[in-house]
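Please find the sequence and the predicted model below.
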Amino acid sequence: MAGKIIFKGESDLPLSPVSSGDMCWNRTGTWRYIRPKYEDKTPPCGTACPAGVDIVGFIGLLGEGKYEEAWNLIREENPFPGVCGRVCFHPCESHCNRADYDESLAINALERFVADRALDSKPRPPIRRTKKERIAVVGSGPSGLSCAYHLARMGYQTTVFEALPWAGGILRVGIPSYRLPKDILDKEIADIQAYGVEIKTKARLGEDLSFEDLGKYTAIFLATGAHVSRKLNIPGEDLKGVVSGLDFLRDINLGKKVQIRGRVAVIGGGNTAVDAARAVLRLGGSPLILYRRSRDEMPAFDEEVAGTLEEGIEIRYLTGPIAVIGHKGRVTKLECIKMELGGEDETGRKRPVPVPHSNFTTEVDTVIVAIGEEPDLTFLPEDIPVENKMVSTDNAARTSRKDVFAGGDVAHIHRTVAHAIGFGKRAAISIDCLIRKRDVNSLLQEIRVGENGTLSVAKYLSEMARRRSHHVVTFEELNVAYFEHGERNERATLAVPERVRDLREISTGLTEQQALKEAERCFSCGVCNECEVCYVFCPDLSIIIDGGTVKYRINYDYCKGCGICIAECPRNALSVEKEAR
Amino acid sequence: MKRVLSGNKAVAYGVMLSRVQVISAYPITPQTTIVEELSRFCAEGELEAKFIKVESEHSAMASIIASSLTGSRSFTATSSQGLALMHEMLHWAAGGRLPLVMVNVNRALGPGWNIWMDQSDSLSQRDTGWIQLYCEDNQEVLDTIIQAFKIAERVYLPVMVVLDAFFLSHTSEIVEIPHREEVDRFLPRFEPEYRVHPKKPQAYFGMVSPDYFMEFRYKMQRGMEETVEVARSVDEEFGRQFGRTYGIVEPYRCEDADVVMVTSGTVTSTSRVVIDRLWEDGIKVGLLKVKMFRPFPMEEIKRVLKGVEKVGVIDRNISFGHGGIFAQEIRSTFCNEDKRPMVFGFVMGLGGRDVTPETIEEAIHVTLENSRPKEETHWIGLKG
């Protein structure tokens, strides 16, 4: 403190009280009884994403025009931004806090925008192998390739065995190209291979190679999917003209000439049924979907059902087939029975109950059966247990054998691309933990994104990335006074007459202008995006902007703990703790 | 350039011509059109000022206290409840010796809720250390804004320019708008003696011990005393350059008058008409317009009213438990004089009630017909 100044009279005094020097000696931080701190939290989109993508992070980069950085950030967690930006059921959007304000963010469309921008990117040089262990992955679907990709990035030599002549699994043979063009898939598989992942095709486990052949690998990840169509188990199912939905889609996707004409009854309410019906329409047939429950119980994604109806395809609900009727060995009619909904079954959906004497027949030329798929487990050694027709695994993707892991549709009932990618990642982390003798259970706790079981590889690989707390930010915790209302930017789709002509992609994606506008709508829940609101409001000039991993810091020498920064922060990126005394 | 302007637009032109750099205000009837016009000037680039939107008048005053400390010429405008909400900050502005200018559009305070003319809002802020100037017409409003900055920046005290709700704020008159360059010449850029600067961190308005507090207050009082002379010379300088002067008080037909009526604001104009007519009838009534209320120009008033037997004071305000405030001030001006006039206090026109020529005439007749006031305060126009 400066020495005492004596004024002789009023004429010595300034007009109003002014300090003679600065007041830095007055460390007002000692007045504080609460302490604000920067603490990034988990946004609801992030915890909802089964693939664990840092959604707020990539949208922030996109908004700054850093498209390639955004693409790379997605690929920290998920090697399939172009695929997911098209086919993902985007639970992130249903959990988006913005939905409570006006409309949820078009996250899926933004992911696709980022991926499309990177289509011309050059493959990166392969990652150097830093580990001597070799890992075998069986199956080149989203789960197998996700696992192989993450293992390769950790430095492991990884070989993927694929039964078919082409890699991609369900992405290749299950999803029609009007939803996922093949060149997009090819590009992303090529990007994965560029990391040093080796893919061996025409290598079917149980036929082209045996389980014992895989013994030379340190660990094995089984991701063979679920490719066996369930049967109706009704009379006439063996007649010519009755095909399984997956077989039908596989033939189309592999470019086989598929002759389909006339009335085609598609049986089922899942994505396979819907995909099959829409493919039939594109091949010139007249599809009709028969589903034994109602619209509410349909497992197919809402958007796909909406698209189906938009294209004029009829869905007959509460209708179950009881017999396929044929003439000269070929299907001509389908006998059905009306259903009504009864009590809930083991899946929590209402059980269909046949209405007595409501039988009727309808003339059909083809029947496509798409009532679900199951894994083919004929290759599996007997000592590995099976549960509900799936490989039994624990939380760390481990089977009963120490070195055998399983994930994706072969081991789980959550059968979406995003889930498969997440399960592949979980297995990669678990395999790394096995080899490096790390405690996988406590690590999985630490690297989760929020509370949903989603995992982050970035968190696994870097201590720094763990700074976001597990707390999931709710809408009520935001200060929405800072956000303007704004309409969601939807991607354009082709008009119906144009899209049903062939298998061309329906959706055309966002324009750059739309994408940037949409990115601006993101609240960045719980994640500081350097908006400077705290800096502007701090009455003690105690917000210091000087770089580092967390860009802002608080000067606790002078922060009085008034809490304005916390109250004003639009996105709950600051927290408060009691001052230790 | 002559334009037809409402009082509020005249304010905005005055502010624009004064090249104000920071404006912060919160809307309130009947002040709102002032800030609307100013925000338009800012938006259209006619005025290069930072317009700070705030959530209350308290914050508006706090904002311009801060901006004024940086040496920026700063302005706000308010009325009634808004001014009352500013009260605490008014002390900070004056005690901080900041040359702010604020317009207050005189309006009654509720309840009963009332948006019309009444002087009680500005007079309630009498002791905050603000200079107060009351205007009679729209030309005077515009000219007074320009003068106010010059006065404020010379004596380092804030100035409140006051105009009547609706009678001036929303009534249009022909107003001469001075040339920008002329105003620039009259009112050059403000170069304060001291200011907040990032390169020289200092704390302002800190605690002052009993050892020095009185000295700071003494300096404020001295500043106020100087203001009378400063305001007079600024007005004269303005007159030399623009051809219009107002004085800090203005006597009208006071020579040989038997009684003099003391007025402020728009009542003055009505009174001029009444007085002219009474002179035609041989009734000798003078008028004293008081423009400057703080500091109260006692010497000027004494000079004008010297030898006058009876003075009637018109107040559009009431200090409950005493009477009209201007009347009190006139009485106290003379209390130590050997020869002092009888002072008749008249309260009229509260809450926007019309003060017609007849109302004023009634007050004049009471003054003429009685040798001394029958009561301390006469209420004119009271029902029943």
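That came through, no problem. Numbering: from 1, shown residues only, chains lettered A, B, ... in the order given.

Quick one: the strands in the stretch 201-350 of chain A, in order.
A:219-222, A:228-229, A:242-244, A:263-267, A:286-290, A:314-316, A:319-327, A:330-344, A:350-354 (DSSP state E, counting those that start in this stretch).

now what about the shortest one, what contacts it?
Under the criterion C-beta atoms under 8 Å, 6 or more residues apart in numbering or on different chains, residues A:S244, A:G245, A:L246, A:D247, A:V369, A:A370, A:I371, A:G372, A:E373, A:E374, A:P375, A:D376 lie in contact with strand A:228-229. For the C-beta atoms, the positions are set from N, CA and C on the backbone; glycine is no exception.

near chain A, which residues of chain B?
Selection of chain B residues close to chain A by C-beta under 8 Å from any C-beta of the partner chain yields B:95-97, B:156, B:193-194, B:201-208, B:212, B:215-216, B:218-219.

So which of these belong to helices?
B:G95, B:Y212, B:E215, B:F216, B:Y218, B:K219 (DSSP state H).

hang on, isn't B:M160 packed against B:M102?
Yes: if you go by C-beta atoms under 8 Å, B:M160 and B:M102 touch, sitting 5.2 Å apart.

hey, what's in contact with both of the two?
In contact with both B:M160 and B:M102: B:W130, using C-beta under 8 Å, 6+ apart.

These two: who's more crowded?
Counted by other C-beta atoms under 10 Å in any protein chain shown, B:M160 and B:M102 do not tie: B:M102 has more neighbours, with 28 against 23.

so what does the helix or strand harbouring the more buried one touch, helix or strand wise?
For B:M102, the host element (DSSP states H and E) is strand B:101-106. Packing partners of strand B:101-106 (3 or more C-beta pairs under 8 Å, 6 or more residues apart in numbering or on different chains; DSSP states H and E): helix B:7-17, strand B:74-78, helix B:120-123, helix B:138-155, strand B:159-164.

Please identify the most buried of those.
Mean neighbour count (mean count of other C-beta atoms under 10 Å in any protein chain shown) peaks for strand B:74-78 among the helices and strands packed on strand B:101-106, with a mean of 31.

helices or strands up against it?
strand B:22-25, helix B:32-43, helix B:57-69, strand B:101-106.

and the third one, how far out from the chain's middle?
This means helix B:57-69. The chain centre lies 20 Å from the centre of helix B:57-69; the measure is C-alpha atoms, centre = their mean, to the nearest Å.

Give me the distance between the most centrally placed residue in chain B and chain A.
Nearest to the mean C-alpha position of chain B, by C-alpha atoms, centre = their mean, lies B:L133 at 2.5 Å. Applying C-beta to the nearest C-beta, to the nearest Å, the value for B:L133 to chain A is 21 Å.

so that residue makes contact with B:L163?
No: assessed by C-beta under 8 Å, B:L133 is found out of contact with B:L163, at 9.7 Å.

What residue spans form the domains of the chain?
No chain was given, so I picked chain A. A:27-41+A:528-578, A:44-121+A:471-520, A:134-227+A:375-438, A:231-249+A:257-371 (automatic domain parsing).

let's do chain B instead
B:2-242, B:250-379.

roughly how far out does the last one sit from the chain middle?
Between the mean C-alpha location of domain B:250-379 and the chain-wide mean there is a distance of 18 Å, by C-alpha atoms, centre = their mean.

related to what we said a few turns ago, can you tell me which of the contacts of strand A:228-229 are buried?
Listed as buried from the contacts of strand A:228-229 are A:S244, A:G245, A:L246, A:V369, A:A370, A:I371, A:G372, A:E373, A:P375, A:D376; burial here means 16 or more other C-beta atoms under 10 Å in any protein chain shown.

From those, which land in strands?
Using DSSP state E to define strands, the subset of the buried ones among the contacts of strand A:228-229 located there is A:S244, A:V369, A:E373.

wait, what's in contact with the first one?
Neighbouring residues of A:S244 by C-beta under 8 Å, 6+ apart: A:S229, A:I368, A:V369, A:A370.

For chain B, see how far away the nearest residue to the first one once chain neighbours are set aside is.
What it means is A:S229. Nearest in space to A:S229, with sequence neighbours left out and distances taken as C-beta to C-beta, 6 or more residues apart in numbering or on different chains, is A:S244 at 3.4 Å. Distance, A:S244 to chain B, using C-beta to the nearest C-beta: 66 Å.

Check what pLDDT A:S244 gets.
At A:S244, the pLDDT value in this model is 95.

For it, give the beta-bridge partners.
Assessed by DSSP bridges, A:S244 has beta-bridge partners A:V369.

which residues does the closest residue to chain A within the stretch 251-384 of chain B contact?
Residue of the stretch 251-384 of chain B nearest chain A, by C-beta to the nearest C-beta: B:P295 (16.9 Å). For B:P295, the contacting residues are B:I131, B:M224, B:E225, B:T227, B:V228, by C-beta under 8 Å, 6+ apart.

Could you rerun that using 6 Å?
B:M224, B:T227, B:V228 (C-beta atoms under 6 Å, 6 or more residues apart in numbering or on different chains).

got a winner among the residues you listed for most neighbours?
That'd be B:T227 among these, by other C-beta under 10 Å, with 23 neighbours.

Relative to B:M292, how far out is that residue?
The spacing between B:T227 and B:M292, counted by C-beta to C-beta, to the nearest Å, is 8 Å.

Quick one: residues contacting B:V274.
B:P357, B:I360, B:E361.

before we move on, back to that, and of the strands of the stretch 201-350 of chain A, who's closest to A:V138?
With C-beta to C-beta, the closest approach to A:V138 among the strands of the stretch 201-350 of chain A belongs to strand A:219-222: 5.2 Å.

just how off-centre is the closest one within its chain?
For strand A:219-222, the distance to the chain centre is 22 Å (C-alpha atoms, centre = their mean).

strand partners of that strand, parallel vs antiparallel please.
strand A:134-138 (parallel), strand A:404-406 (parallel).

Just the residues contacting that strand, thanks.
By C-beta under 6 Å, 6+ apart, the list of residues contacting strand A:219-222 reads A:135-138, A:147, A:214, A:403-406, A:410, A:427, A:431.

Which of those are buried, as a ChimeraX select command?
Buried members of the contacts of strand A:219-222, defined by 16+ other C-beta under 10 Å, are picked up in ChimeraX with:
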select /A:135,136,137,138,147,214,403,404,405,406,410,427,431
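
Pick out whichever of the contacts of strand A:219-222 sits closest to A:E303.
When those are ranked by distance to A:E303 (C-beta to C-beta), A:V410 comes first, at 26.3 Å.

roughly how far apart are the closest one and B:L305?
107 Å.

neighbours around A:E340, how many?
The local packing of A:E340 (other C-beta under 10 Å) involves 14 other residues.

In contact with it, which residues?
Counting by C-beta under 6 Å, 6+ apart, A:E340 touches A:V353, A:V355.

The same query, at a cut-off of 8 Å, please.
A:E340 touches A:L318, A:P352, A:V353, A:V355, counting by C-beta under 8 Å, 6+ apart.

now A:T130
The neighbours of A:T130, taking C-beta under 8 Å, 6+ apart as the test, are A:G155.

so A:R112, which of the three states?
Classification of A:R112 using DSSP: H, G, I helix; E, B strand; the rest coil returns helix.
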